[in-house]
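[1] Next comes the sequence, and after it the predicted model I'd like to discuss.
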Amino acid sequence: MTARLYWVGNAAKARVMAEVLADARSAYRVFDYGAGRGGDWPEILSAHPAIDLVCYEPDPESDRDLRSRMAGTRARILSEAEFQAASIEADYIVSFSVLEHVFDKPAYMRDARRHLAPTGVFHLNYDDGHFRTSLDLDELRGWRTGLAVTAQNRLAWLWPRLNRVDRYQARVPAAEIMRLVDEAGFAIASDRYDNLGSFKSLAKTVPADQAQEFMRFWLATEDELNKRFRITAEPRMGDDVNLWREMASRTLALRHA
């Protein structure tokens, strides 16, 4: 029987979780670093008893929602003090679309390294979708969101000075990623590009009973793009891989160097 995919509608998250859930050990620890509101974790924990899940979410509002959604599960939600304390020793760290919202990125990377077990894998995913806003003249209803996001991007430098680090978001160029990885003492085991914009939009229209089938087709398509058609091209938006033009999500699998 084919394993169920989670985080349907986001190929990057679905792929990482498929790899994590394929672990055959009887018990292993996963740390969701910047867990948001918890995504598909309640369903995953119900179906996968081997997982010891630890979550940390620094945003107070999201943290409240996370704790509410995870109530009754075996997940452990860390407070800020607990996060700053002893190492979690995670076999896997997953961090989805978090880095672009982090102001102190070196500290974020150091903390990830501290919480990763010696043989663990850190799935570092970051997204550029926030910075690719467009205004469609035929869809005026979408202007408000596009303009708001554009304004927030332009004001990114200002928020930390106003003690509103929670509002911060900024594009992360590939060169900066490489520097952060090296300085934190990580080595890149693999990296890939995901989330074709057209497929991500199409996924929202697919009926629920076809969602799994569509996700497998989506992942297989992006597999081929990464394996066969990934080339170095003229840099765009801080990345010189041609796939980045259409696939705004990059995931690096990191290990201790």
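    Happy to help now that I have it. Numbering: from 1, shown residues only.

[2] Could you use CA atoms for every contact and neighbour count after this?
    OK.

[3] Residue 90 - how many residues pack around it?
    Residue 90 has 26 neighbours, counted by other Cα atoms under 10 Å.

[4] where does the protein have low pLDDT?
    Residues of the chain meeting the criterion pLDDT under 70: 1, 135-137, 140-150.

[5] Sketch out the helices for it, chain order is fine.
    In the chain, the helices defined using DSSP state H lie at 11-21, 41-47, 60-70, 80-84, 105-115, 143-154, 174-184, 197-203, 211-228.

[6] now those in JSON lines, with mean neighbour count?
    Rendered in JSON lines, the data for the helices of the chain read as follows (neighbours: other Cα atoms under 10 Å):
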{"stretch": "helix 11-21", "mean neighbour count": "19"}
{"stretch": "helix 41-47", "mean neighbour count": "14"}
{"stretch": "helix 60-70", "mean neighbour count": "16"}
{"stretch": "helix 80-84", "mean neighbour count": "12"}
{"stretch": "helix 105-115", "mean neighbour count": "18"}
{"stretch": "helix 143-154", "mean neighbour count": "15"}
{"stretch": "helix 174-184", "mean neighbour count": "15"}
{"stretch": "helix 197-203", "mean neighbour count": "15"}
{"stretch": "helix 211-228", "mean neighbour count": "16"}
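
[7] With distance to residue 248 as extra columns, can I get the ones you listed in a markdown table?
    Compiled in a markdown table, the helices of the chain are given as follows (distance: least, Cα to Cα, whole Å):
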| stretch | distance to residue 248 |
| --- | --- |
| helix 11-21 | 10 |
| helix 41-47 | 24 |
| helix 60-70 | 24 |
| helix 80-84 | 29 |
| helix 105-115 | 20 |
| helix 143-154 | 16 |
| helix 174-184 | 12 |
| helix 197-203 | 8 |
| helix 211-228 | 12 |
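
[8] For residue 161, find the nearest of those.
    Smallest distance to residue 161 across the helices of the chain (Cα to Cα): 14.1 Å, for helix 143-154.

[9] if I pick residue 157, what's in contact with it?
    With contact set as Cα atoms under 8 Å, 6 or more residues apart in numbering, residue 157 has these partners: residue 168.

[10] ok, the closest residue to residue 80 other than its chain neighbours - how many residues close by?
    With Cα to Cα, 6 or more residues apart in numbering as the criterion, residue 80 has its nearest non-adjacent residue at 7.1 Å, and that residue is residue 58. Residue 58: 16 surrounding residues under other Cα under 10 Å.

[11] Can you check which of the helices of the chain gets nearest to residue 257?
    For the helices of the chain, the distance to residue 257 is smallest for helix 174-184, at 8.6 Å, taking Cα to Cα.

[12] what's the offset of that closest one from the middle of its chain?
    Taking Cα atoms, centre = their mean, to the nearest Å, one finds helix 174-184 lying 17 Å from the centre of the chain it belongs to.

[13] and what of stretch 58-71?
    That offset, for stretch 58-71, works out to 17 Å (Cα atoms, centre = their mean).

[14] can I get the CA coordinates of that stretch in CSV?
    What follows is stretch 58-71 as a C-alpha-only set of coordinates in CSV (Å, rounded to 0.1, in the frame of the first residue of the first chain):
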residue,chain,number,x,y,z
PRO,A,58,8.1,31.9,18.9
ASP,A,59,5.0,33.8,17.8
PRO,A,60,2.6,34.1,20.8
GLU,A,61,-0.6,33.9,18.8
SER,A,62,0.5,31.0,16.7
ASP,A,63,1.9,29.3,19.9
ARG,A,64,-1.6,29.5,21.5
ASP,A,65,-3.2,28.0,18.4
LEU,A,66,-0.5,25.3,18.3
ARG,A,67,-1.1,24.3,21.9
SER,A,68,-4.8,24.1,21.4
ARG,A,69,-4.6,22.0,18.3
MET,A,70,-2.0,19.6,19.8
ALA,A,71,-3.9,19.2,23.1
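
[15] Which residues does that stretch contact?
    The contact list for stretch 58-71 (Cα under 8 Å, 6+ apart) reads 34-38, 41-42, 56-57, 77, 80, 166.
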